[in-house]
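Student: this is the structure alone, sequence omitted:
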């Protein structure tokens, strides 16, 4: 009997111990869930971003954070590097036919989707077919004139793109930066134009989406089947912090591992355990005018506003030192190989501005300027714009808001909610990519500028195969766009990524435009 009681006592003790351990584990899980992570902090990389993605749909997402998320989960056929060179991802080669109308792309073999299903040509055909449908919201790059580029399957690992006519722009761009989606997951989606699809995301990228809590965080777990090699860090969390000061404090305290910072923040961050990585994105930050807003239909009025502005003062205040920015005068960034110098610079001239307003018969003009309240640079710029336009008798109401929501509003062709807005773009090297913004049917024609000359020059530039003649056409286009005065380029600013010293591999992951990092799998946590 004594032995029996000993056994019962020992067994009961084990049960109590197990229950106690389970309770502690449950508490840890609960705490982890509250912070958006189920992985210990030393196995998680936390990157602070300043807003939610506009869309999680790879077909139509176009903002910085939507594209960043897409790049983490999916892969393109070919990637464009910062220097304009092409890097194969899901493609291994691309060949152009003699007539310039067929592009044959060989695909990487042995790639699997994150659910284990093999990647094939069917996925590429499905993605491009859906992307080319204008109703899905982002088809500009897959049309030449009024005809779409089509795609066919040659075999399981080969596809062919068929161009309606030879196009230098299409040859350069058709296979790049479009992220491939799995047909077996998304072919039954009822609507591929929406911002969030019904199916759980499945990709070929280094990470898989685990949880998204709007306004708080987006959490990812590594994809062990990633063709580029299993990621070194188990989890990545994008923590959404809209306030720049809050983000800076989080960096200083080590609550986040990385964030974009402004040159004005650098002095405050010197004592923190951080490394700073400045890099160029070939970006244009600009003021856009809504040409359908009452009072701004007249080009003379728009030109008057631009002559009243002083971008040098804005840039010195926002970015402190020219080593952190360049001053653009065209719609193309200063380092773009097609940039034109012979365009209207709109050198500050208040008297000329007043004279143009008088010629247009406009007085007591009242405007509304929208800007991203979470962006310190835009906050500075908006104040300068308000002051500089006041000097010529124009009253400007400043409206700070969410940058993504402002872009969505301006995308509405009938919107007159804002007369002016601050924004930025990174479009790449080939000028044809800028059709998204400036063509009458461009999906990001926030300016509501509809102009036959612009459309004709884009069409000529896209189909011209002679490089020198293409340069001449795009010189004319840039000169015309600046004369139309609906966009005022302010800055090509460098991004500065601040990273906790416990994180290594930034150079291997490679800093790039828009996506921050080319390959997130290369990041490491120091031992």
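Tutor: Sure thing, it's come through. None of the values given here were measured: they were computed from a predicted structure.
Student: so where is this structure shaky, pLDDT-wise?
Tutor: By pLDDT under 70, the low-scoring segments of the chain are 1-42.
Student: centre-most residue in it?
Tutor: By C-alpha atoms, centre = their mean, the chain has its centre lying nearest to residue 64, at 2.4 Å.
Student: give me the phi and psi angles of that residue.
Tutor: phi -60, psi -50 (degrees, to the nearest 10).
Student: before we move on, what about residue 110?
Tutor: phi 80, psi 0.
Student: surely it touches residue 225?
Tutor: No. In this structure, residue 110 is not within contact of residue 225 by C-beta atoms under 8 Å, at 10.2 Å. For glycine as for every other residue, the C-beta is placed from the backbone atoms N, C-alpha and C.
Student: name the residue in the two with the higher neighbour count.
Tutor: Between residue 110 and residue 225, residue 225 has the larger neighbour count (other C-beta atoms under 10 Å), namely 16 against 8.
Student: and the closest residue to that one other than its chain neighbours, what are its bridge partners?
Tutor: Distances taken as C-beta to C-beta, 6 or more residues apart in numbering put residue 112 closest to residue 225, at 4.6 Å, once the chain neighbours are dropped. As for beta bridges, residue 112 partners with residue 118 under DSSP bridges.
Student: quick check, residue 112 in contact with residue 223.
Tutor: No. Taking contacts as C-beta under 8 Å, residue 112 lies outside contact range of residue 223: 9.3 Å.
Student: higher neighbour count, the two?
Tutor: The residue with more neighbours, out of residue 112 and residue 223, is residue 223; 24 against 15, by other C-beta under 10 Å.
Student: just to revisit the earlier point, name the element the closest residue to the residue nearest to the centre of the chain other than its chain neighbours belongs to?
Tutor: Of all residues not flanking residue 64 in the chain, residue 514 sits nearest, at 5.7 Å (C-beta to C-beta, 6+ apart). Element membership for residue 514, per DSSP states H and E: none, as it lies in no helix or strand.
Student: wait, residue 514 sits on residue 427?
Tutor: No. Between residue 514 and residue 427 there is no contact, the gap being 9.8 Å when judged by C-beta under 8 Å.
Student: tell me how far the residue nearest to residue 64 lies from residue 164.
Tutor: Using C-beta to C-beta, to the nearest Å, we find residue 514 at a distance of 29 Å from residue 164.
Student: of the two, who's got more company?
Tutor: A count of neighbours by other C-beta under 10 Å puts residue 514 above the other of residue 514 and residue 164, at 20 against 16.
Student: which residues are in contact with the more buried one?
Tutor: The neighbours of residue 514, taking C-beta atoms under 8 Å, 6 or more residues apart in numbering as the test, are 64, 67, 68, 281, 426.
Student: any chance of JSON lines for those residues, columns distance to residue 160 and secondary structure?
Tutor: Below are the contacts of residue 514 laid out as JSON lines (distance: C-beta to C-beta, whole Å; DSSP: H, G, I helix; E, B strand; the rest coil):
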{"residue": "64", "distance to residue 160": "33", "secondary structure": "helix"}
{"residue": "67", "distance to residue 160": "27", "secondary structure": "helix"}
{"residue": "68", "distance to residue 160": "31", "secondary structure": "helix"}
{"residue": "281", "distance to residue 160": "33", "secondary structure": "coil"}
{"residue": "426", "distance to residue 160": "30", "secondary structure": "coil"}
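Student: what sits against residue 386?
Tutor: The contact partners of residue 386, by C-beta under 8 Å, 6+ apart, come to 369, 396, 398.
Student: so it, which state does it fall into?
Tutor: helix (DSSP: H, G, I helix; E, B strand; the rest coil).
Student: now do residue 92
Tutor: With three-state DSSP as the basis, residue 92 sits in strand.
Student: isn't it right next to residue 104, touching?
Tutor: No. If you go by C-beta under 8 Å, residue 92 and residue 104 don't touch, sitting 11.5 Å apart.
Student: in the stretch 1-150 of the chain, which spans are strands?
Tutor: Using DSSP state E, counting those that start in this stretch, the strands of the stretch 1-150 of the chain run over 44-49, 78-80, 86-88, 91-96, 102-107, 143-144, 147-148, 150-155.
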